[in-house]
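Chemist: no letters, just coordinates:
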């Protein structure tokens, strides 16, 4: 654990959100007047030190489109992490595109962004079958789960090699009385995940302020961060936004 840098996976979904606000009904997803191009953003972020690119292809296609994922698969030089629901259609798409990583997440049409971890205990068979199919195709698979022991134990039983611990409760409690309690839950979950032989990632609501405490969680391999970095990029550019976050993540 000591001396090992935490990797940064940049979620670029909201670059596509901005594009879709104006060009949702347009015939193409890039080129001509269509902007911004999330693929161009991803490549710029890689040049600035991002260790991977994360996208969530949602059922309602509110931001990232299939064409974005296919272009990213051809262009990304680091690694592509596809966030996806446990549906036959998404499994078929992942098997076709072959991202290096896939992260299984819950999906609710009413939510603005993913809220809460995957119900791995209540949907055990469905999740386990999805994990098996993806791993069988050589796609490294992760489960986006709340920092609860039962969820971690279920992930280990399903032989998912990675987990992504949902940090949203800590982020939401950061300026309130529950901050220390939520951080302790994350620490315990990461420790248990490591003891169960899982590679421990984390994400959701991480920003340039709470990263000071997030980075103290043991056994972290990678953080997936999107919204905060893209917000910072509006003011300083994506290059500086990525570099600053990586500096804060690893205390350099």
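Modeler: Thanks, I have it. Just so you know, these numbers come straight off a predicted model, no measurement behind them.

Chemist: C-alpha only now, for contacts and for neighbours.
Modeler: Noted.

Chemist: helices and strands around the longest helix belonging to the chain, which ones?
Modeler: Counting by DSSP state H, the longest helix found in the chain is helix 179-195. Applying 3 or more Cα pairs under 8 Å, 6 or more residues apart in numbering; DSSP states H and E, one finds that helix 179-195 contacts helix 149-157, strand 162-166, helix 168-172, strand 199-203.

Chemist: so what's the gap between that helix and the chain middle?
Modeler: 18 Å (Cα atoms, centre = their mean, to the nearest Å).

Chemist: which residue is nearest the centroid of this protein?
Modeler: Note on the chain: the residue nearest the mean C-alpha position is residue 224, at 4.4 Å, using Cα atoms, centre = their mean.

Chemist: state the mean pLDDT of the helix or strand that contains that residue.
Modeler: Under the criterion of DSSP states H and E, residue 224 resides in strand 220-225. The pLDDT scores in strand 220-225 average 98.

Chemist: and for stretch 226-237, what's in contact with it?
Modeler: For stretch 226-237, the surrounding residues in contact (Cα atoms under 8 Å, 6 or more residues apart in numbering) are 10-15, 205-208, 238-242, 245.

Chemist: could you look up the SS state of residue 82?
Modeler: The local conformation at residue 82, judged by DSSP: H, G, I helix; E, B strand; the rest coil, is strand.

Chemist: what residues are bridge-paired with it?
Modeler: Note on residue 82: beta-bridge partners residue 55, residue 102, judged by DSSP bridges.

Chemist: still on that earlier bit, return the list of strands paired to the strand holding residue 224, each annotated with direction.
Modeler: When DSSP bridges is applied, strand 220-225 pairs with strand 7-11 (parallel), strand 199-203 (parallel).

Chemist: gap between the last one and the chain center?
Modeler: By that I understand strand 199-203. 9 Å.

Chemist: go ahead and confirm residue 202 touches residue 164.
Modeler: Yes: between residue 202 and residue 164 there is a contact at 4.6 Å, judged by Cα atoms under 8 Å.

Chemist: who's more crowded, those two?
Modeler: Using other Cα atoms under 10 Å as the criterion, residue 202 and residue 164 rank with residue 164 on top: 30 against 26.

Chemist: show me the contacts for the more buried one.
Modeler: Contacts of residue 164 (Cα under 8 Å, 6+ apart): 103, 142-145, 200-203.

Chemist: just the buried ones from those?
Modeler: Neighbour counting over the contacts of residue 164 (16 or more other Cα atoms under 10 Å) leaves 103, 142-145, 200-203 as the buried ones.

Chemist: reformat these as JSON lines; add distance to residue 54 and pLDDT.
Modeler: As requested, these are arranged in JSON lines below (distance: Cα to Cα, whole Å; pLDDT from 0 to 100):
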{"residue": "103", "distance to residue 54": "9", "pLDDT": "98"}
{"residue": "142", "distance to residue 54": "12", "pLDDT": "98"}
{"residue": "143", "distance to residue 54": "14", "pLDDT": "98"}
{"residue": "144", "distance to residue 54": "13", "pLDDT": "97"}
{"residue": "145", "distance to residue 54": "17", "pLDDT": "97"}
{"residue": "200", "distance to residue 54": "16", "pLDDT": "98"}
{"residue": "201", "distance to residue 54": "13", "pLDDT": "98"}
{"residue": "202", "distance to residue 54": "13", "pLDDT": "98"}
{"residue": "203", "distance to residue 54": "11", "pLDDT": "98"}
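
Chemist: quick one: list the elements packing against the helix or strand hosting residue 93.
Modeler: If you go by DSSP H and E, residue 93 is part of helix 88-97. When contacts are defined as 3+ Cα pairs under 8 Å, 6+ apart, helix 88-97 packs onto helix 66-75, helix 124-136.
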